[in-house]
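Novice: this is a predicted model, with the sequence first.
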Amino acid sequence: MRIVIVDDNIRFAEEMIYTLNRFFTEKEEDVQICQMEGTELLEKLDKGPFCDVCLLDVEMPGMDGISLGQGIRKRSDRVRIVYLTAHEKYAIPSYDVRAYGYILKGDYREKLPELLMRVLEEEREKQTEYYRSMAGKEGYKILLSDILYLEKDKKYVYFHCKEGRTYRERETMENIMQRLPEDRFAVIDKGIVVNLGHVTECRENTLTMRDKTQQHVSRRAWPGVIAKLKDCW
């Protein structure tokens, strides 16, 4: 998960970073936390998906938090905007940007972990998505998060999954790709699709997967795969 903090109070921002790191360490979850100005955040979002949660102050010099929230919302519907402020009076304006949460700074040590737990549960629920296949009287469903990569071989597509499990389906790769999340799976070469969430290293047109296998990426696909991988990571 990637979290961005926009707050001109440097000391408070550092306290939040400490609180966030402690929370995610206790939950054994990966997190990337960065602090930046509002204009920089909007520039990042102009280039594509950048973060999952934005923790914003409201009263700041230059661009205030409500205006920043409006700018974020114009660029992304999925980013969770959370306001942390010392004032209750901005709670109603925060509805205009469909804020995910509104926390008074005096209560953040108690309220922020509760909110983050809700976010984690939502993200975990997303990861329980399945790929389902039914042919005649036989069928199966595979957790998307278990799929390492897919490989086309003649009439079948093989799903290579965790713990060495393999499934196959008599279907075109194109049709299968339409049933997989576009932001998490990428075509890297003819007949090969990888789950970007299981890539641990990329170097010299080669992806190293979590199971230590290496997958070649064609020169044509390399720029697009790297772009998707940056967003995924």
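Specialist: Noted; the coordinates are in hand.

Novice: make it CA atoms for all contacts and neighbour counts henceforth
Specialist: Noted.

Novice: the longest helix seen in the chain packs against which elements?
Specialist: Determined from DSSP state H, the single longest helix within the chain is helix 108-126. For helix 108-126, the elements it packs on are helix 10-26, strand 101-104, judged by 3 or more Cα pairs under 8 Å, 6 or more residues apart in numbering; DSSP states H and E.

Novice: give me the domain ranges for this protein.
Specialist: Per automatic domain parsing, the structural domains of the chain span 2-126, 130-232.

Novice: in TSV: these, plus mean neighbour count and mean pLDDT.
Specialist: TSV is the format used below for the domains of the chain (neighbours: other Cα atoms under 10 Å; pLDDT from 0 to 100):
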stretch	mean neighbour count	mean pLDDT
domain 2-126	16	91
domain 130-232	15	89
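
Novice: same for the next helix or strand along the chain from the longest helix of the chain, what does it pack against?
Specialist: Per DSSP states H and E, the first helix or strand lying C-terminal to helix 108-126 is strand 130-135. For strand 130-135, the contact count by 3+ Cα pairs under 8 Å, 6+ apart identifies strand 138-143 as packing neighbours.

Novice: partner strands of the strand it packs on, parallel or antiparallel?
Specialist: Using DSSP bridges, the strands paired with strand 138-143 are strand 130-135 (antiparallel).

Novice: show me how far the strand it pairs with is from its chain's centre.
Specialist: Distance, stretch centre to chain centre, for strand 130-135: 24 Å (Cα atoms, centre = their mean, to the nearest Å).

Novice: contacts for it?
Specialist: Gly139, Tyr140, Lys141, Ile142, Leu143, Leu144, Glu169, Arg179, Leu180 (Cα atoms under 8 Å, 6 or more residues apart in numbering).

Novice: between those, which is nearest Asp77?
Specialist: Proximity of these to Asp77 (Cα to Cα) peaks at Leu180, which lies at 20.4 Å.

Novice: got the residue ranges for the helices in this structure?
Specialist: Taking DSSP H as the criterion, the chain carries its helices at 10-26, 38-46, 65-75, 91-94, 108-126, 173-177, 222-232.

Novice: ok, and what's touching the longest one?
Specialist: This points to helix 108-126. By Cα under 8 Å, 6+ apart, helix 108-126 touches Thr19, Leu20, Phe23, Leu84, Gly101, Ile103.

Novice: got a list of what the closest residue to the last one other than its chain neighbours touches?
Specialist: In this structure, Ile103 finds its nearest non-sequential neighbour in Leu84, 4.9 Å apart by Cα to Cα, 6 or more residues apart in numbering. Taking Cα under 8 Å, 6+ apart, we find Leu84 in contact with Leu55, Leu56, Asp57, Val58, Tyr102, Ile103, Leu104, Lys105, Tyr108.

Novice: can you name the two of these that sit furthest apart?
Specialist: Across the contacts of Leu84, no pair lies farther apart than Val58 and Tyr108, at 14.7 Å, counting by Cα to Cα.

Novice: what separates stretch 32-47 from the chain centre, distance-wise?
Specialist: With Cα atoms, centre = their mean as the basis, stretch 32-47 stands 15 Å off its chain's centre.

Novice: ends of it, how far apart?
Specialist: 18 Å (Cα to Cα, to the nearest Å).

Novice: and stretch 125-145, by the same measure?
Specialist: 11 Å.

Novice: try stretch 83-103
Specialist: Using Cα to Cα, one end of stretch 83-103 lies 6 Å from the other.

Novice: let's have the helices and strands packed on helix 108-126 in TSV, adding distance to Lys89.
Specialist: As requested, those are exported to TSV (distance: least, Cα to Cα, whole Å):
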stretch	distance to Lys89
helix 10-26	20
strand 101-104	11
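
Novice: sounds good, over and out.
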